[in-house]
Every structure is written in structure tokens, then in C-alpha cells.
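Asker: A structural model of the following input is requested.
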Amino acid sequence: MNKALRRVSVFAALMVFALLANVTFNYGWRSAGLLSDPANRRVTDAQFDAPRGSILVGTTAVAETVPVEGGRFSVQRTYSNGALYAPVTGYYSYIYGRTGLEKNYNDQLSGSDDSQLFRRILSELSGQQAQGATIQTTIDADAQQAASDALGGRTGAVLAMDYTTGAILAWASTPGYDPNQLSSVDLASTQTAWDQLNADESQPLKDRATQEIYPPGSTFKLVVASAALENGMSADTTVESPTTLPLDNSTTTLPNSTNCGGTTSTIDHALQVSCNTAFANLGMSLGQDKVREQAEKFGFNSSFGGDTDSATSVFPSDLDNAQLAMSSIGQYNVSATPLQMASTAAALANGGSLMQPYVVSQVRDANLNVISETSPTTIRQAVSAGTATSMQQMMIHVVQSGTATATQISGQTIGGKTGTAENMPGASAYSWFAGFDQETHAALAVFLADPNQSGTATGNATVAAHAVFEALAS
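Answerer: Here you go, the predicted model:
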């Protein structure tokens, strides 16, 4: 009898242990996944009806939760000047989920982050609903408005940052959308808005500043020139610059879009006038491995990480000479986000140090206590300090007397590089600018899919860059 009881006791103990182990496993390892599972509607309902924290630009809440009366939910997410800041905030929709900072900082905004555990316990003990944290962005309101105005509704993007820290100052993408349309508690109207936005041929939901990649055109010559200087050449090194360049194993010839000033050119002059054949020859003389290595030091073929959640820019592999020639002027299969080209200009302006881009400076709890703070992080040394100094001077020459004179501002030391990239046959060429302002420590990239597209703004990417630089300097 005792033996049977012992067996039952051992079995019962094992079952209790298994139950405890299962509970521990589910709480410790599966709870996060279960809470974030879109199929878990109870969690979705609870989070959507909770006092979510605000997203700030300066002291202004550009995303906040406000009370509403009647209906299924007691609160609603609203966005002041929603279309202007949509690339930064993203949207928070009951049906379609979250994007942007609403997604990347959801745990902090909803108050479910581990750092807010003590405050959640206090709220539960006091019978109050936990308040989400406030997100402080690095966006400069004047620069953001200037960037949007300069784009003027045309298809394009502007990304500006403090090149000494990586803090993003402007993050604009047009055509855009209003996140209020997707965050409404009127779910029928949300569905209608979603269908209309996705049916819109201008694709307003796309974030062209960080999530889309395009041929960078001649702005990529910054990478090739940097590779040349890193491999023993100088700004005064001469390169062959014929009027046209026959491409190996091809009936195609590469023309120049400008007068290169002769059949040979220094790297400095070739950058000023954006000489295609000089940079195609320069890239081929360096070889694809050295050009690719330099591109990857600037961030190509890898993610920047941080809170921008950006697409990966690409420099291709296994190139023949013709493909390398075209890649050296930012064509063929080279593709980049505006964030990538802004970061390239930023690294050159920052003594060669590539900083990790970020858009949130602080996370603060309901009592404004700082929960976390972003510290500037160096990703790597993209080029030597000597190369960076030489590149800065060459880029300043481009603005002083080259293809980017439209970006000049009295009292400001601006350097940069223009770019024109071929698009699909029959379509307008892309217009680019990537550069920096030494006085404001700002670097930026401007991308226009069609600079002549109808809209309130006129001019190419240099005109838009001038407007943003001017806003940052004021």
C-alpha cells in the first residue's frame, strides 16, 4: 500500500513540476510573442484603448492619444501636422498595425517595456491605467518644414543629419499621407482610407528617405574618389577623360554629360564638373574590390541598425569592366537610400567617422524622468582623416565653381556633389544632391524622381538642398 502511495505521490510531484516548468517557459520565453501576435485581439484591444505616450518634435506632440466619447474605444491616436511627420512617426492602426516610431518604440509608447515595470506595478496597485513613455525626437521643425516645402509634392525625399552625432534633423518623403486616416476609431473609414492609399499610383505610403533604394548617379563618385585617395592617389592625380568611352565587350559607349575640359583631368576637376569618363576610368583602374570595399565602409551592403530601420543600399558583385565602369558613376546595379548618401557625405564631413543615424534622443516616463538616452555611436572609420579633409575641399570646390553652385549660401561653407541617374526608358532622370554645411554641422541628401514634375517647387535637387541648408542656418 505504501509503495503505491509513493508512486502516486512521485507522479503527482512530477506533474506539478511539469506544470510549473510550462508556466515558467510560457511566461519567460513565449509571453512576448503571444503579446505581439496580431491574432491576439484581447491584447490589440487593450493596447489600442490605452493612454499611449506622445512623440515630440521639440516641445510639440506630433503624435498623442486623446479621449473620445462613445463607441468601442475611449481614446484615439492623433497626429498634428500628420503628413509632414508621417515618415518619422509612422501610423498606429487597429487593423493595419504600426510603422515608423510607432512600431520601433511600441513597447515604450505602450508602457509595456521592461524599463517601465515598476511604474506599471504602481499603477495597478493604485487602480490607475499605466501611462506610456514619451519619445523625444531629434527632428528640427524648421528644417522638416523646409524639406517638405522644397519637395513641393514631387516624388522624392530629403534626409538631413548632424554629421558629428548622427542625429536626424529632417526626414521628409513625398507624396505622403495623413496617419490620422489610418488611426481612426471609425474602422470602416480606416479600411476605406487604406484601400485608397494603396490604390494611389503615387504610392504615398512609401518612405523614400530610408525604405527605398535608387541609382545614386554621380553622387556615388564621392565613394570612388574616396577609394582613389585611400589607395595612394591625390586630388591632383590625373585621369583620362575622353569625350566618350567605349565599354569593354559592348557596342555601347559612355558619354560625358558635361565638358570635362580636355582628354585628361585631375580627380578634383573631374568631381567639380562630374566627368563620367574620368570616374569610369578611375573605377576600372582601382578594380571592383577596392571600390566595393570603400562603398561598404560607407555602409553599402549592410544595415545601419539603430532606430531608422532602413533598407540596405547595394554595391553589386562579380562585375566585368563595362559593369564596373557604369557602377563607378552610380549606375548599373548600384542603388542607395537617401539616408545612405546623406551618411556618406556626413562621414566625409566628420573626419571620416561614420556615425549611426538615430531619430530618438530620449525616452521619458510619465513624470518626465529619463528612461533611456541615445549616445552618438561611431560605426567605423570610413576613410582616414587626411582623405576626409581632401574630399571636403573637393566637395567645396563643386559648390564654389562646379555643378552645385545653386547650394551656395553667404557665410556658410558648403560642400557637396550633384547626381543625375537614368531611370526606366522614357522616364525622367533622377536628380540627387549629397553634401554638408560646416557651420551648422549638417549633412543631407536630396532625391527627386522627376525634378520637372508638376508641383509647387521648381528646380533640381540642389535648389531643394539650398532651402534646407538655409533653414538649418537660420
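
Asker: For the closest residue to residue 254 other than its chain neighbours, what is the enclosing helix or strand?
Answerer: Residue nearest to residue 254 in three dimensions, not counting chain neighbours: residue 245, with 4.4 Å by C-beta to C-beta, 6 or more residues apart in numbering. Where you see a C-beta, it was placed from the backbone N, CA and C, and this is true even at glycine. Using DSSP states H and E, the element containing residue 245 is strand 244-246.

Asker: Check which element follows that strand along the chain.
Answerer: Next along the chain after strand 244-246, taking DSSP H and E as the criterion, comes strand 253-255.

Asker: What pairs with that next one, parallel or antiparallel?
Answerer: strand 244-246 (antiparallel) (DSSP bridges).

Asker: what comes up buried for the partner strand?
Answerer: Applying a neighbour-count criterion of 16 or more other C-beta atoms under 10 Å, the buried positions in strand 244-246 are residue 245.

Asker: got it, and stretch 222-241?
Answerer: Going by 16+ other C-beta under 10 Å, stretch 222-241 has these buried residues: 222-230, 233, 235, 239-241.

Asker: I'd like the list of those residues that fall within strands, please.
Answerer: Among the buried residues of stretch 222-241, the members falling in strands are 239, 240 (criterion: DSSP state E).

Asker: Can you tell me what sits against the strand holding residue 245?
Answerer: Strand 244-246 has contacts (C-beta atoms under 8 Å, 6 or more residues apart in numbering) with 252, 253, 254, 255, 256, 276, 277, 280, 281, 325.

Asker: tally of neighbours for the first one?
Answerer: If I follow you right, that is residue 252. 13 (other C-beta atoms under 10 Å).

Asker: which ones are touching it?
Answerer: Residue 252 makes contact with 246, 322, according to C-beta under 8 Å, 6+ apart.

Asker: can you tell me how far it sits from residue 428?
Answerer: Separation of residue 252 from residue 428 (C-beta to C-beta, to the nearest Å): 21 Å.

Asker: and if you look at the third one?
Answerer: Taken as C-beta to C-beta, the spacing of residue 254 relative to residue 428 amounts to 20 Å.

Asker: between the two, who's got more neighbours?
Answerer: residue 254 (21 against 16).

Asker: so how far is residue 66 from that one?
Answerer: 58 Å.

Asker: Next: residue 9.
Answerer: On the measure of C-beta to C-beta, residue 9 and residue 66 end up 59 Å apart.

Asker: Mind putting the contacts of strand 244-246 into CSV with distance to residue 402 and pLDDT?
Answerer: Formatted as CSV, these follow (distance: C-beta to C-beta, whole Å; pLDDT from 0 to 100):
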residue, distance to residue 402, pLDDT
252, 27, 86
253, 24, 92
254, 20, 95
255, 19, 93
256, 14, 93
276, 14, 97
277, 17, 97
280, 18, 98
281, 19, 98
325, 22, 97
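
Asker: out of those residues, which are buried?
Answerer: 254, 256, 276, 277, 280, 281, 325.

Asker: Farthest-apart pair in the residues you listed, please.
Answerer: 256 and 325 (12.8 Å; C-beta to C-beta).

Asker: Report the contact partners of residue 387.
Answerer: So residue 387 contacts 226, 229, 230, 352 (C-beta under 8 Å, 6+ apart).

Asker: If we use 10 Å, what do you get?
Answerer: Going by C-beta atoms under 10 Å, 6 or more residues apart in numbering, residue 387 touches 225-231, 233-234, 294, 348, 351-352.

Asker: What about residue 97? Give its phi and psi, please.
Answerer: Residue 97 adopts backbone torsions of phi 80, psi -150, taken as degrees, to the nearest 10.

Asker: tell me the pLDDT at it?
Answerer: For residue 97, the pLDDT comes out at 95.

Asker: Counting neighbours, what do you get for it?
Answerer: 15.

Asker: what's the spacing between it and residue 183?
Answerer: For residue 97, the distance to residue 183 - C-beta to C-beta - is 11 Å.

Asker: which residues do those two both contact?
Answerer: Residues touching both residue 97 and residue 183 (C-beta under 10 Å, 6+ apart) are residue 91.

Asker: Output the contacts of residue 387 in CSV, with pLDDT and distance to residue 178 appended to each entry.
Answerer: What follows is these, written out as CSV (pLDDT from 0 to 100; distance: C-beta to C-beta, whole Å):
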residue, pLDDT, distance to residue 178
225, 98, 42
226, 98, 40
227, 98, 43
228, 98, 46
229, 98, 46
230, 98, 46
231, 98, 49
233, 98, 50
234, 98, 51
294, 98, 41
348, 98, 37
351, 98, 41
352, 98, 41
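
Asker: Between those residues, which sits nearest residue 154?
Answerer: The nearest member of those to residue 154, counting by C-beta to C-beta, is residue 348 at 27.1 Å.

Asker: Excluding chain neighbours, give the residue nearest to that closest one in space.
Answerer: Leaving aside its sequence neighbours, residue 348 sits nearest to residue 391 (C-beta to C-beta, 6+ apart; 4.6 Å).

Asker: Provide the secondary structure category for the one you found.
Answerer: Following DSSP: H, G, I helix; E, B strand; the rest coil, we place residue 391 in the helix state.

Asker: Surely it and residue 229 touch.
Answerer: Yes - contact criterion C-beta atoms under 10 Å: residue 391 and residue 229 qualify, at 6.8 Å.

Asker: Find the residues that touch each one of residue 256 and residue 325.
Answerer: With C-beta under 10 Å, 6+ apart, residue 256 and residue 325 have common neighbours 245, 276, 277, 280.

Asker: what about the last one, distance to residue 417?
Answerer: Okay, so that is residue 280. When residue 280 is compared with residue 417 (using C-beta to C-beta), they lie 16 Å apart.

Asker: now the third one
Answerer: Residue 277 is 17 Å from residue 417, where distance means C-beta to C-beta.

Asker: Also residue 140?
Answerer: Relative to residue 417, and taking C-beta to C-beta, residue 140 is found at 23 Å.

Asker: cool, and residue 162?
Answerer: In terms of C-beta to C-beta, residue 162 sits 20 Å off from residue 417.

Asker: So for the two, which residue has more residues nearby?
Answerer: A side-by-side neighbour count of residue 162 and residue 417, using other C-beta under 10 Å, places residue 417 first with 32 against 21.
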